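J.: no sequence for this one, just the structure:
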């Protein structure tokens with residue numbers, strides 16, 4: 001016990017001295033040797049102090065596509081937007097474009113995921129005028145599970161944006177299960193249109209019919225304003241849904257689905273042509289556009305392989 005305090009510390013008091021082989025270089029910044037030279041990086045690498053031989057992330061010229069055609073990528077295509085019109089009195093913001101039009105086209109994007117995996121993805125649409133100028137971009141917001149378990153009956157929210165990326169309109173469809181008793185009101189499909197979002201513009205409500213698609217277009221008070229009536233059976237490359245007065249006497253416009261060949265049948269990319277009078281109330285024009293989307297979801301939105309018959 002006495003010897004423990006007298007034991008010497010084996011650690012040295014000072015670290016050993018080493019001769020440095022470092023030779024200071026010139027004051028200007030050092031330049032690393034080229035790749036492959038002694039002291040340089042191996043071949044196939046580039047020094048972060050030197051610019052890369054291959055420019056990364058450089059912008060390229062945009063690819064131009066023919067009207068109505070879209071690339072396989074599921075991303076919006078930068079197109080020519082319709083010039084913004086001046087403000088219109090008593091017009092919901094964002095609908096001023098429709099005051100100048102009597103015909104619009106709705107193009108659905110082709111999603112390659114649905115083609116290869118039969119997975120139902122969120123729908124995306126372009127709304128264009130006759131000059132192929134984009135008016136609105138429409139994006140679906142829905143749950144992946146309901147999209148793939150009941151694709152044509154799924155609830156969703158469609159968000160409509162303009163050229164300034166402002167959401168000017170939303171279309172909401174609640175979940176309603178279909179049953180064999182089509183005359184039951186709780187089984188009929190309905191969609192609410194809001195413009196601006198949060199303010200009810202009207203409703204598109206499915207009516208009972210024995211063999212054809214029939215819808216009522218209603219105002220915010222659920223009063224019938226127009227009626228949409230489809231054919232009993234589709235034939236040929238064009239399917240016409242007539243827009244009439246509530247009693248079906250006066251013709252107002254039409255929603256025409258145009259067959260795009262194999263693009264429509266195997267790739268779930270529809271094209272609708274919507275016609276209405278130029279002087280029609282702009283709110284009713286927006287409601288006809290909403291009816292077009294409900295028709296697309298109920299009768300034409302399903303996995304390409306196999307394609308369910310409706």
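T.: That came through, no problem. The model shown is predicted, which means the values in this text are computed figures rather than measured ones.

J.: okay, and for the stretch 151-300 of the chain, where does confidence drop off?
T.: Segments of the stretch 151-300 of the chain classed as low confidence (criterion: pLDDT under 70) are 177-187, 260-268.

J.: hey, where'd the strands end up in it?
T.: Under the criterion DSSP state E, counting those that start in this stretch, strands of the stretch 151-300 of the chain are mapped to 156-161, 167-173, 190-194, 200-206, 214-219, 224-229, 238-244, 251-258, 271-275.

J.: List the residues that contact residue 193.
T.: 169, 170, 171, 200, 201, 202, 203, 204, 286, 287, 290 (C-beta atoms under 8 Å, 6 or more residues apart in numbering). Placement of C-beta: from N, CA and C, glycine included.

J.: now do residue 87
T.: Counting by C-beta under 8 Å, 6+ apart, residue 87 has contacts residue 96.

J.: 10 Å instead?
T.: By C-beta atoms under 10 Å, 6 or more residues apart in numbering, residue 87 lies in contact with 93, 96.

J.: Distance check, it against residue 154.
T.: Distance of residue 87 to residue 154, given as C-beta to C-beta, to the nearest Å: 37 Å.

J.: right, and the strands of the stretch 151-300 of the chain - which one's nearest residue 137?
T.: Minimum separation from residue 137 across these (C-beta to C-beta) falls at strand 156-161, 5.1 Å.

J.: So which elements touch the closest one?
T.: Judged by 3 or more C-beta pairs under 10 Å, 6 or more residues apart in numbering; DSSP states H and E, the packing partners of strand 156-161 are strand 124-128, strand 134-141, strand 167-173, strand 190-194, helix 282-299.

J.: ok, and for that strand, which residues are buried?
T.: With burial defined by 16 or more other C-beta atoms under 10 Å, the residues of strand 156-161 counted as buried are 156, 158, 159, 160, 161.

J.: so the third one touches residue 137, yeah?
T.: Yes - with contact taken as C-beta atoms under 10 Å, residue 159 and residue 137 are classed as touching, separated by 8.8 Å.

J.: From residue 111, how far off is residue 119?
T.: Taking C-beta to C-beta as the measure, residue 119 falls 9 Å from residue 111.

J.: Between those two, which is the more surrounded one?
T.: Neighbours were counted for residue 119 and for residue 111 using other C-beta atoms under 10 Å; residue 111 has more, 22 against 13.
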